[in-house]
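Participant: sequence unknown, structure follows:
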């Protein structure tokens with residue numbers, strides 16, 4: 001199955017990006033811990049080489065987190081495809097879990113949402129049946145003080161198993177009927193700003 005495309009590579013800086021990734025991968029392979037000097041400052045070695053993917057967005061129709069990097073906008077439980085609004089989230093994948101970072105979050109290649117793949121029950125997909133995982137394994141931070149570039153109130157829905165935004169009175173539209181129902185951790189997710197305007201490419205350094 002196809003995984004969400006890598007949208008964190010800037011074509012004009014391809015050589016710089018590849019050189020930086022080789023450097024960071026070398027540090028990881030050497031087991032570097034503590035902090036490393038990068039960009040004029042000391043950065044925690046545990047996060048400096050973390051891979052991340054942007055183009056994750058809030059759907060204003062169903063309130064879920066979905067991948068907006070394809071022309072096809074998936075299947076929304078409110079009908080049609082998802083419609084992006086607000087922040088462009090930059091989410092970390094393929095890094096170790098911690099007491100404040102949960103893994104097993106995946107892209108569903110049928111409806112294009114972020115869902116929790118850690119249970120035998122795969123929830124409810126707006127395309128019918130359960131979700132089907134593809135691509136990266138995302139590791140998402142929870143129950144931490146949010147910085148200026150992190151948005152809290154992202155929650156697991158115990159009915160359909162997706163990541164949805166719980167910060168509005170309306171709980172969106174769940175494939176199992178009614179609104180989403182929050183359970184478990186309170187996730188604080190990193191964003192870059194509005195997709196339409198953000199050109200700063202803010203690095204993930206939480």
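Facilitator: Happy to help now that I have it. Since the model is a prediction, treat every value here as computed from it, not as a measurement. Numbers count the residues shown, from 1 in each chain.

Participant: My read is that residue 75 contacts residue 126, right?
Facilitator: Yes - at 4.4 Å, residue 75 counts as touching residue 126 under the criterion of C-beta atoms under 8 Å. C-beta: built from backbone N, CA, C; applies to glycine.

Participant: neighbour count winner among the two?
Facilitator: Neighbour totals were compared for residue 75 and residue 126, and residue 126 leads with 24 against 21 (other C-beta atoms under 10 Å).

Participant: Kindly state the domain boundaries assigned to the chain.
Facilitator: With domains defined by automatic domain parsing, the chain comprises 11-48, 51-194.

Participant: now, of these, which is deepest in the fold?
Facilitator: Comparing the domains of the chain by mean neighbour count (mean count of other C-beta atoms under 10 Å), domain 51-194 comes out on top with a mean of 19.

Participant: what's the single longest strand in this protein?
Facilitator: If you go by DSSP state E, the chain has its longest strand at strand 182-194.

Participant: what sits against residue 91?
Facilitator: The neighbourhood of residue 91, defined by C-beta atoms under 8 Å, 6 or more residues apart in numbering, consists of 52-54, 56, 114, 138, 140, 189-190.

Participant: Closest to residue 176 out of the residues you listed?
Facilitator: The shortest separation between residue 176 and any of the contacts of residue 91 is 17.0 Å, and it belongs to residue 114 (by C-beta to C-beta).

Participant: what's the pLDDT at the closest one?
Facilitator: On pLDDT, residue 114 comes in at 98.

Participant: Can you spell out which helices and strands pack onto the strand or helix carrying it?
Facilitator: In the assignment (DSSP states H and E), residue 114 maps to strand 114-116. Helices and strands touching strand 114-116, by 3 or more C-beta pairs under 8 Å, 6 or more residues apart in numbering; DSSP states H and E, are strand 65-67, strand 101-108, strand 163-165.

Participant: just so I have it, where are all the strands in the protein?
Facilitator: Under the criterion DSSP E, the chain contains strands at 35-38, 41-44, 51-59, 65-67, 84-93, 101-108, 114-116, 133-141, 150-157, 163-165, 182-194.

Participant: mind putting the ones you listed in JSON lines, distance to residue 175 included?
Facilitator: Supplementary listing: those in JSON lines, determined by distance: least, C-beta to C-beta, whole Å:
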{"stretch": "strand 35-38", "distance to residue 175": "43"}
{"stretch": "strand 41-44", "distance to residue 175": "38"}
{"stretch": "strand 51-59", "distance to residue 175": "13"}
{"stretch": "strand 65-67", "distance to residue 175": "13"}
{"stretch": "strand 84-93", "distance to residue 175": "19"}
{"stretch": "strand 101-108", "distance to residue 175": "11"}
{"stretch": "strand 114-116", "distance to residue 175": "11"}
{"stretch": "strand 133-141", "distance to residue 175": "16"}
{"stretch": "strand 150-157", "distance to residue 175": "9"}
{"stretch": "strand 163-165", "distance to residue 175": "11"}
{"stretch": "strand 182-194", "distance to residue 175": "16"}
